[in-house]
Structure formats: C-alpha cells, structure tokens
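Novice: From the sequence below, what's the structure:
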Amino acid sequence: MPTSHGLTIGYLAERTGLAVSAIRYYETQGLLEPWRNTGGQRRFHRADIRRLSFILIAQKFGFTLPEIRAQLDSLPNGRTPTKEDWSRLSAGFRSHLDARIATLEKLRDSLDGCIGCGCLSLPSCALYNAQDKAAEKGQGPRYLMGDSPEVEGET
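Specialist: Below you'll find the predicted structure:
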C-alpha cells in the first residue's frame with residue numbers, strides 16, 4: 001500500500017492487533033488524528049502504528065487515557081517520532097512509574113501483617129476507619145496512602 005495515500009483503518013487494525021472500534025475510540029479521545037481521502041475514508045499516518053503501540057503499553061502500565069494523551073500531545077503529527085521524542089516520553093513516564101512502584105511496595109508491605117489477621121478493629125490497623133474519619137483526609141484508602149489515623153487522646 002502506498003504510504004503517500006495513508007494507511008486504512010483495517011490495515012492499522014491488522015498491524016496493531018486492535019479492533020477497528022478501538023482505533024475509532026482512540027480517535028474520539030484525541031489520541032490519533034486521521035484525515036479523510038477524497039472518498040471520505042479515514043487515512044492514518046504510518047507513525048500511528050507506533051502511537052497505538054505506545055498507547056497499549058502505557059495502558060498496561062496503568063496510565064489513563066488522559067495521561068497518555070498529555071504525553072502524545074507533545075509528539076509531532078504526520079511523521080514517525082524520533083528516538084529523542086520517545087526518550088523524552090519515557091523519561092516523563094519513568095517518574096510516574098517510580099511513584100506507582102513505591103506506592104505498590106508500601107501497599108504490599110502494609111498488607112503483609114493484615115492478611116488473615118482479622119483485626120480490623122484496632123486503631124493502629126491501616127485499614128481500620130472508625131466512623132469514616134479518613135474521609136476528612138480525602139478519597140481512597142487514606143491510611144494506606146500515608147495519612148495517619150488520629151488516635152483518641154493525642155493532639
């Protein structure tokens with residue numbers, strides 16, 4: 001297929017292993033910018049194969065589509081990203097991955113003592129949340145995320 005005419009969505013699906021519907025969804029999310037030929041059919045850049053591969057990998061690492069879009073917005077459209085482009089992206093993702101790894105390690109280490117103990121009533125338990133006091137600190141498992149429970153008698 002001549003690349004000057006762009007890639008069809010079917011060819012892109014074949015090359016990436018994605019369903020055509022998934023590629024259309026990524027387009028609606030602003031992750032791809034195809035154009036229309038004179039017949040009104042979508043056409044994609046060859047670089048979109050790499051963009052889609054990057055999206056798939058980033059999703060496996062736990063990144064959301066808005067996070068992925070923010071990174072991809074820095075890439076040039078219409079040409080294959082250079083090694084420098086990808087190095088910059090990976091450096092940006094590295095800090096996020098390091099933070100997620102640290103959070104997962106803390107979660108793993110915090111849960112080691114809880115698995116099977118059944119305490120859940122002790123004020124020192126990272127999972128215990130009497131009267132939903134942790135809600136004042138924000139959403140999520142606040143004590144596992146590093147917030148300290150306030151123990152009665154302490155100021």
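
Novice: Under the pLDDT cut-off, which ranges of the protein? List them.
Specialist: Scanning the chain with the threshold set as pLDDT under 70 gives 1-4, 77-81, 111-132, 140-145, 149-155.

Novice: Helices along that one, start to end?
Specialist: Ranges of helices within the chain are 9-16, 20-28, 47-60, 65-72, 83-111, based on DSSP state H.

Novice: List the contacts of the fourth one.
Specialist: So that's helix 65-72. Outside helix 65-72, the residues that touch it by Cβ atoms under 8 Å, 6 or more residues apart in numbering are 26, 29-31, 51, 54-55, 58-59, 89, 92-93, 96. Backbone N, C-alpha and C define where each C-beta goes, glycine included.

Novice: so which of those is the most crowded?
Specialist: Highest neighbour count within the contacts of helix 65-72, by other Cβ atoms under 10 Å: Ile55, with 25 neighbours.

Novice: Make JSON lines out of the helices of the chain and add distance to Lys137.
Specialist: As requested, the helices of the chain are exported to JSON lines (distance: least, Cβ to Cβ, whole Å):
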{"stretch": "helix 9-16", "distance to Lys137": "42"}
{"stretch": "helix 20-28", "distance to Lys137": "35"}
{"stretch": "helix 47-60", "distance to Lys137": "29"}
{"stretch": "helix 65-72", "distance to Lys137": "24"}
{"stretch": "helix 83-111", "distance to Lys137": "16"}
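
Novice: Just tell me which of those helices ends up closest to Ser148.
Specialist: Of all the helices of the chain, helix 83-111 sits nearest to Ser148, with 12.8 Å by Cβ to Cβ.

Novice: Quick one: work out the angle between the closest one and helix 65-72.
Specialist: The directions of helix 83-111 and helix 65-72 differ by 150 degrees, with axes from the mean of the first three to the mean of the last three Cα atoms, to 10 degrees as the criterion.

Novice: ok, back up a step: which one among the contacts of helix 65-72 gets closest to Lys106?
Specialist: Nearest member of the contacts of helix 65-72 to Lys106, counting by Cβ to Cβ, is His96, at 15.9 Å.

Novice: Tell me which of the helices of the chain lies nearest to Asp147.
Specialist: When the helices of the chain are compared by Cβ to Cβ, helix 83-111 sits nearest Asp147, at 12.2 Å.
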